[in-house]
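Participant: Here's a sequence, model it:
(chains A and B)
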Amino acid sequence: MSGDEPQMEQVALRPDLPPWQQPDSVGIVQTRFFTFAQPPDEMPLDSGAKLGPITLAYETYGQLDARRRNAVLICHALSGDAHVAGYHSPEDRKPGWWDAMVGPGKAFDTRRYFVICANCIGGCKGSTGPSSINPATGRRYARSFPVVTMADMVRAQKALIDHLGITKLLTVVGGSMGGMQVLEWAIQYPDRVWTAIPIATTPRLTAQGIAFNVVGRQAILDDPNYRGGDYYDSEPPTRGLAIARMLGHITYLSDESMHQKFGRQLRDKDDYSYEFDVDFEVESYLKYQGQSFVERFDANSYLYITRAMDYFDLAARHGSVAAAFRNVQARFLVIAFSSDWLYPPYQSRQIVSALRANRIHFAYYEIPSNYGHDAFLLEKERISRVIEDFLALNYARALAEEGR
Amino acid sequence: MPANATAPRLRADLLEIASLIEPGTRVLDLGCGEGELMAHLERTKAVVARGIEIKPERVVDCVAKGLSILQADIEDGLQDCEDGSFDYVVLSLTLHLVSRPGLVVREMLRVGRRGIVSIPNFGYWRIRLGLLLRGRVPRAGYYKEPWYTTPRGHVMTLNDFRDFCAENAINIEQQRVVAAGGGLSMALARALPNSFAQLGIYVLSRNSASPSPARRA
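Facilitator: Model (predicted):
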């Protein structure tokens, strides 16, 4: 197995040190904030509405090199945030959501690359979204927040990249919804990205994908605590949001991975309860996922972000998927997972077909995995290995290019 | 340009195939493995190379060489390729392993102006002799492994392949042969390929009056 091979320039771990002091950790990090689109220069949205001022919460790791050619933008998925790697404090129990990939000696080696991640607009982790205060009214936006699209999210990220003084990104990378943003970047700003790494994603959300979003949203909208979205001063619609999350988690796993992880195992008991409390391990897992999610996520953000995913359709906007990629210059590394049924490999192959039709340099790598859609967070070794090589070669290419 | 400047030695049949390819062309390598041929062509002939390979580990090797690679089965990996989008489509020592060789060659010649195919020769004299004298398929030439550990697939001689081309209106533009063992065996292989060549390499094109589709905007 390739995963057992030592990584290049691997960093030796120190069992005597706490996680945040490990040599392969970016350590203690801070979320920063960038505000732009101040009225009257609000950012126009796909819907025709305008949004401003916009604040983006973001984190960076590593150093920008002298020629600013080592910048890596990571786009997070539905429930992710700007906190990709490291710890906010020594007391933090968990590191950032893609810590396995970002740090000294890891795939996105912070000794070499400057890594950036921003919370998407519409989100609830520090960037402007429905739970933010609307400065015009002094109250939270709630449902008066305009519906945003993937393209809008990327336009906001572009403002941040400009602000950081980066003319061209070495790569834009992301899985799932993050992968949609990767595609948007390569299409909207062809001369601003050297490479793109969309993982477990699609050029257009399918009816099945929309259907799961619909049920998740309906659970929230039907929660009596939802109150038309104005729940910020009362009990939030946690039951609806928890159900939405439980459903989401089912779609992130696979038949095989559920079988391996839970089987029909009972939870702390030897026999059925012949009641409706938690009997099965899988029941307990989903309940736990639902409960822990409501503590960290805003129900309105869930509605807005899933809506943005529903609207994602490169074919509709450009005439065809192939036409969408007409002006793309980036080299692509497209990664899919064999057991992913939320964004099955055939959808990544649609991206690849469009790249091929436009004679764009690409690699398509389908990782055999039982983890389902979650593989993009779990298949660390395989993803790391291919990305390491891809980035190293393209960084050399970027450095070899003339100009500043 | 791949950053990796070391040039490993290419397998004999791949070197022979490389010598058949014009510089500056577009090449699709089916079942490209670790991408040795593609890397060689990009390095020495300024070729735009694209590969298709089914094994995930080999795809990673290709990425590490900076190659453009599609992980797919070659029997359906050509579906979305436009007609005439390549100058050459290469299929090296794989045709005898696919389940529908006729379809694969037809697809190669749809997608490419020319196909380059290398095949193992079951008519090689040591195989013939071993079969005759010992009554067993000998392990000679390309057929080194026992039948039960290797996906031997279809068994054909170079003449069988020529017949196939004739019956399917496929034009053989060139034939090259590979035989191990120095000058004499190469001379014999050239004189009597069906008996003395271990491998045959063929440059194919469609044998039709229709104009070449390669020159498009």
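Participant: What count of nearby residues applies to residue 50?
Facilitator: Since you didn't name a chain, this refers to chain A. Counted with other CB atoms under 10 Å in any protein chain shown, residues neighbouring A:Lys50 total 14. To be clear about C-beta, it is placed using only N, CA and C from the backbone, and glycine gets the same treatment.
Participant: should've been chain B
Facilitator: So B:Arg50, with other CB under 10 Å, has 24 neighbours.
Participant: Just give the strands next to the host helix or strand of it in its sheet, each with its orientation.
Facilitator: Secondary-structure assignment from DSSP states H and E places B:Arg50 in strand B:48-53. When pairs are called by DSSP bridges, strand B:48-53 turns out to pair with strand B:26-30 (parallel), strand B:68-71 (parallel).
Participant: Do the next helix or strand after it and chain A come into contact?
Facilitator: Next helix or strand after strand B:48-53 toward the C-terminus (DSSP H and E): helix B:56-64. Yes: shown here: helix B:56-64 in contact with chain A (CB under 8 Å from any CB of the partner chain) through B:Pro56, B:Glu57, B:Val59, B:Val60, B:Cys62, B:Val63, B:Ala64.
Participant: list the contacts for the residue most central in space within chain B?
Facilitator: Centroid-nearest residue in chain B: B:Ser92, 2.3 Å away (criterion: CA atoms, centre = their mean). Contacts for B:Ser92 were tallied using CB atoms under 8 Å, 6 or more residues apart in numbering or on different chains; they are B:Asp13, B:Leu14, B:Ile17, B:Asp29, B:Gly31, B:Leu37, B:Ile116, B:Val117, B:Ser118.
Participant: thought the fourth one was touching B:Arg50?
Facilitator: Yes: contact between B:Asp29 and B:Arg50 holds when scored by CB atoms under 8 Å: they sit 7.2 Å apart.
Participant: list residues touching both of those two?
Facilitator: B:Met38.
Participant: ok so, going back, so how do I select the buried members of the residues of helix B:56-64 next to chain A in ChimeraX?
Facilitator: The following ChimeraX line selects those of these that are buried, judged by 16 or more other CB atoms under 10 Å in any protein chain shown:
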select /B:56,59,60,62,63,64
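Participant: from the residues of helix B:56-64 next to chain A, which single one is nearest chain A?
Facilitator: Distance to chain A across the residues of helix B:56-64 next to chain A (CB to the nearest CB) is lowest for B:Ala64, with 3.9 Å.
Participant: so where is chain B shaky, pLDDT-wise?
Facilitator: B:1-8, B:140-141, B:152, B:208-217 (pLDDT under 70).
Participant: Around chain A, pick out the residues from it.
Facilitator: B:1-3, B:50, B:56-57, B:59-60, B:62-64, B:66-72, B:80-82.
Participant: about what we covered before: between the contacts of B:Ser92, which is closest to chain A?
Facilitator: Using CB to the nearest CB, those come closest to chain A at B:Asp29, 13.7 Å.
Participant: Show me the beta-bridge partners of that closest one.
Facilitator: B:Gly51, B:Val90.
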